[in-house]
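S.K.: Quick one: sequence plus predicted model below, questions after.
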Amino acid sequence: MEVRATKDIPIGQDLNPPIPPLSLSLHYSTLLSHCSSCFSPLPSSPFSPTNNPSPNHFIRYCSLQCSSHDSPLHFSSSEFHFFHLFPEPLFTTSPTSTDLRLSLRLIHRFQEASGSFSNLERICGLMTNFKKIMFLEEQQCYNDDNEEELSGRILDGAKAMAIARRTRDGLDTNVELSAAEYSVEAAVLCLVLTNSVEVHDKDGRSLGVGVYDLAFSYINHSCSPNACYKFCTTLDSGGELEFRICPAASETGAAGNESESIINGSESCGPRIVLRSIKAIQKSEEVLITYTDLLQPKVMRQSELWSKYRFSCCCKRCNAMPTTYIDHCLQEILSSNLGDNFDGNLVMEKLVDCLDNAIDDFLSFSNPKSCSEKLEILLTQDHVDIVLTPNGENIRQLFRLHPLHHVSLHAYMTLASAYKVVGSDLLALDSESDKHQCEAFSMSRKSAAYSLLLAGATHHLLESESSLIVPLSNFWATAGETLLSLVKSSRWNSFAKGRQIEEIIFSSCQICGKCTLLDRFRDTCANIHDRNAEFAEITSEFLNCITDITPKIWGFLIEEGGGYLNVVEDPINFRWLESRTSSVTHFATHATSGNAKETNSGFEVVQYHREMRVNLFQLSIHCLLYGAFLSTICFGPHSPLMSKVENLLSHEDILNG
Ligand SMILES: C[S@@+](CC[C@H](N)C(=O)[O-])C[C@H]1O[C@@H](n2cnc3c(N)ncnc32)[C@H](O)[C@@H]1O
């Protein structure tokens, strides 16, 4: 099955009225902070399940209404018994215990809806991939240990679910169950793995997982999708939008009668889902979303899609010949002597391991300093690959990451937050110390430089793949926020060299006077209407402005010397890359420009820093406005990102000017 547009749809439109979940389950980490029925944050005195026979309940509700709505399902689906039998998560990898609980809830709903499970490949219309995932049909060429491990975990999980259901029914749980006795549980678990989505709150934090009704669950994947989705509550679900999409039988997918069935009375509680066009979609065209991170190179996307969903993607991006520019860059290696024996995939695995190891230092061991040191080395140094040729000769190959390689992009993202945390840790230690203030300012510059580089690099790739607009809206807004926090630093006064300098009062008239971004933003705040026909126009205005400003501030941002940033001549315009793509030896650092020389007079130094600060301010506001504009396309005018930008701008008194 698939989903097609019922009419021509321009970019940046909602495609459907909010679709309610068929079932939801909170992750273990959010069970005590969010309501298990509607997923909203819990009040200080939350409600327990009604008719709870045990004082040790694992779930909480935000209201009596949510408790009376959801508690019957909690008990009758045997989720309650599952919690008591398995209070700790069973597996650390897929399927998670959250998937098992969601499956138990769904089995109950399916039973109520149809009463039988005659076709384990499609249950109540939803595809399960049961045979493919469980190795019950001839596999293509991918069989490996990981797949066997996955099917083993699914069987273990299904057995645990069956034991919970027997406990609920008062049956003997000490008997050895045959696999056939928990095949329904296994099939529904496969259905969850095939159809579920992570459900996020408005700050992008994952709360749990959910399976949604057919209009959403029939949507296939593409690595060049034309739609994305957002979550909304019953309260902010908007006007009376009709469905602009409808399910259709795919050419290859033989849909049995059962596929027509829809579970009546979907759960009314919990976040609903709305699809949004991120490209213009023609009537009858298939609506496609992405199931994976689009900033990964083809080989990684394909491997993830196979291991999670059991299909090989043949979308136009994956099938393009020659490879698309974006996929070329995401896996490009710079070298002067790569021979035929260079194993790109093996090298990619090694680089990803280095990246993960550095990120682990930051996230698991709270050591952002070590993380940033490792990543600077990963980006800057030559890597060596020793290759054994067929005639027994060892060849030493030197290579470097391309600045648009996917490992580089992830490194920029991590470095932007690692430097930010190092800076705030220093100030938290002693905010009065001059040394700490100076280092914190330097970290703030690096953080701003990396977030600008991430946004600039992704924007460069957007020209080859326009669906990158979804992560890009966030990258530009974050770059704007990081630059603004640098502009607001009190450290600027230290550049006055003993002179008295007046504090700059930033206002809208300092933004630029060349583009219409601010006027358009004010208009978007005032009128809730679609602004997306202006996409090309606004993008070109934005690029014109920032191409002007960036060369004025880049030297200052990277002035602290050393590190990878000195390699990057311009974070927005990547023309400088053309001269460096073939040889590692050309990949030298360039001298920074625009520094205020020590010999300059105090007056010049103050003047220089004053201008720099104004330029940085202008750039930050442009990035914020453009990020907000992109977010209105992807998520509508009331997205959390839009509110965040509005908030930041109103603090600067920008919106009233
Ligand atoms: C959420 S379902 C999508 C609807 C599904 N096609 C159906 O008939 O119900 C996800 C499953 O659809 C199939 N699928 C999705 N996108 C695909 C694609 N681009 N190529 C091949 N199969 C795809 C895979 O089997 C995947 O596990």
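M.R.: In hand now; what should we look at? Numbering: from 1, shown residues only.

S.K.: My guess is Pro368 contacts Val422. True?
M.R.: Yes - between Pro368 and Val422 there is a contact under CB atoms under 8 Å: 5.0 Å. All C-beta spots, glycine's among them, are computed from the backbone N, C-alpha and C.

S.K.: Domain parsing of this structure, as residue ranges.
M.R.: 1-18+213-319, 21-195, 344-651 (automatic domain parsing).

S.K.: Provide a list of residues in contact with the residue lying closest to Leu468 once chain neighbours are set aside.
M.R.: Once flanking residues are discounted, Leu468 sits nearest to Leu462: 4.6 Å by CB to CB, 6 or more residues apart in numbering. Going by CB atoms under 8 Å, 6 or more residues apart in numbering, Leu462 touches Leu468, Ile469, Leu472.

S.K.: pLDDT (mean, whole number) over the helix or strand where Ala428 lies?
M.R.: Using DSSP states H and E, Ala428 sits in helix 406-429. Mean per-residue pLDDT for helix 406-429: 94.

S.K.: Now it: buried residues?
M.R.: Within helix 406-429, the residues scored as buried using 16 or more other CB atoms under 10 Å are 406-424, 426-427.

S.K.: The nearest residue to Glu534 once chain neighbours are set aside: neighbouring residues, count only.
M.R.: Spatial nearest neighbour of Glu534, chain neighbours left out: Arg520 (7.1 Å); criterion: CB to CB, 6+ apart. Neighbour count of Arg520, defined by other CB atoms under 10 Å: 19.

S.K.: you'd agree Arg520 is in a helix?
M.R.: Yes - counting by DSSP: H, G, I helix; E, B strand; the rest coil, one finds Arg520 located in a helix.

S.K.: I figured Ser307 hits Glu148, correct?
M.R.: No - Ser307 is beyond contact range of Glu148, at 11.9 Å (criterion: CB under 8 Å).

S.K.: more crowded one of those two?
M.R.: More crowded of Ser307 and Glu148, by other CB under 10 Å: Ser307, with 15 against 11.

S.K.: Next one, pLDDT for that one please.
M.R.: At Ser307, the model reports a pLDDT of 89.

S.K.: do the same with Gln111
M.R.: 90.

S.K.: Assumed it was part of a helix.
M.R.: Yes - counting by three-state DSSP, one finds Gln111 located in a helix.

S.K.: Which other helices and strands does the top helix by length along the chain contact?
M.R.: Counting by DSSP state H, the longest helix found in the chain is helix 602-635. Helix 602-635 makes packing contacts with strand 227-232, strand 272-277, helix 434-462, helix 469-487, helix 517-526, helix 535-557, helix 640-651 when contacts are defined by 3 or more CB pairs under 8 Å, 6 or more residues apart in numbering; DSSP states H and E.

S.K.: from the middle of its chain, how far away would that helix be?
M.R.: 25 Å (CA atoms, centre = their mean, to the nearest Å).

S.K.: what angle do that helix and strand 227-232 make?
M.R.: Relative orientation of helix 602-635 and strand 227-232, computed by axes from the mean of the first three to the mean of the last three CA atoms, to 10 degrees: 90 degrees.

S.K.: Show me which positions of helix 602-635 end up buried.
M.R.: Within helix 602-635, the residues that count as buried by 16+ other CB under 10 Å are 605-606, 608-610, 612-635.

S.K.: do stretch 172-191 as well
M.R.: Of the residues in stretch 172-191, those buried (16+ other CB under 10 Å) are Tyr182, Ser183, Val184, Glu185, Ala186, Ala187, Val188, Leu189, Cys190, Leu191.

S.K.: now do the same end-to-end measure for that stretch.
M.R.: End-to-end distance of stretch 172-191 (CA to CA, to the nearest Å): 27 Å.

S.K.: Around the ligand, pick out the residues from the protein.
M.R.: Residues of the chain lying close to the ligand (CB under 6 Å from any ligand atom) are 1-2, 127, 129, 194-195, 217-218, 220-222, 253, 309-311, 313.

S.K.: among these, which ones are buried?
M.R.: 1-2, 127, 129, 194-195, 217-218, 220-222, 309-310, 313.

S.K.: Tell me where the model's unsure across the stretch 351-500 of the chain.
M.R.: The model of the stretch 351-500 of the chain has pLDDT under 70 over residues 385, 387-389, 496-500.

S.K.: Pick out the residue in it sitting closest to the ligand.
M.R.: Ser467 (13.9 Å; CB to the nearest ligand atom).

S.K.: The residue nearest to that residue when sequence neighbours are not counted: neighbour count?
M.R.: Leaving out its chain neighbours, the residue that sits closest to Ser467 by CB to CB, 6+ apart is Pro225, at 5.1 Å. The tally of other residues near Pro225 (other CB under 10 Å) stands at 22.

S.K.: Give the full set of residues in contact with Pro225.
M.R.: Here Pro225 is in contact with Ile278, Leu288, Ile289, Thr290, Leu294, Ser467 (CB under 8 Å, 6+ apart).

S.K.: And Leu363, by the same measure?
M.R.: Contacts of Leu363 by CB under 8 Å, 6+ apart: none found.

S.K.: Need the phi and psi values for whichever residue of the stretch 51-200 of the chain sits closest to the ligand.
M.R.: Residue nearest to the ligand within the stretch 51-200 of the chain (CB to the nearest ligand atom): Met127, separated by 3.5 Å. Main-chain torsions, Met127, degrees, to the nearest 10: phi -70, psi 140.

S.K.: so which helix or strand takes in the residue lying closest to it once chain neighbours are set aside?
M.R.: Among residues not flanking Met127 along the chain, Thr194 sits closest, at 5.7 Å (CB to CB, 6+ apart). Per DSSP H and E: Thr194 is located in helix 183-195.

S.K.: Run through the neighbouring helices and strands of that helix.
M.R.: Looks like helix 183-195 contacts helix 97-113, strand 122-123, strand 126-127, helix 130-133, helix 145-168, strand 206-212 (3+ CB pairs under 8 Å, 6+ apart).

S.K.: ok, then the element right after that helix?
M.R.: The element immediately downstream of helix 183-195 (helix or strand, assigned by DSSP H and E) is strand 197-200.

S.K.: And the strands in the stretch 201-350 of the chain, which stretches?
M.R.: In the stretch 201-350 of the chain, strands defined by DSSP state E, counting those that start in this stretch lie at 206-212, 220-221, 227-232, 245-248, 272-277, 288-289, 333-334, listed in chain order.

S.K.: And the contacts of the fourth one?
M.R.: When contacts are defined by CB under 8 Å, 6+ apart, strand 245-248 is touched by residues 1-6, 15-16, 214-215, 218, 275, 287.

S.K.: Note down every partner strand of that strand and its orientation.
M.R.: Using DSSP bridges, strand 245-248 pairs in its sheet with strand 2-5 (antiparallel).

S.K.: Which pLDDT value belongs to Ser620?
M.R.: Reported pLDDT for Ser620: 95.

S.K.: can I assume Ile469 is in contact with Thr290?
M.R.: No - assessed by CB under 8 Å, Ile469 is found out of contact with Thr290, at 11.9 Å.
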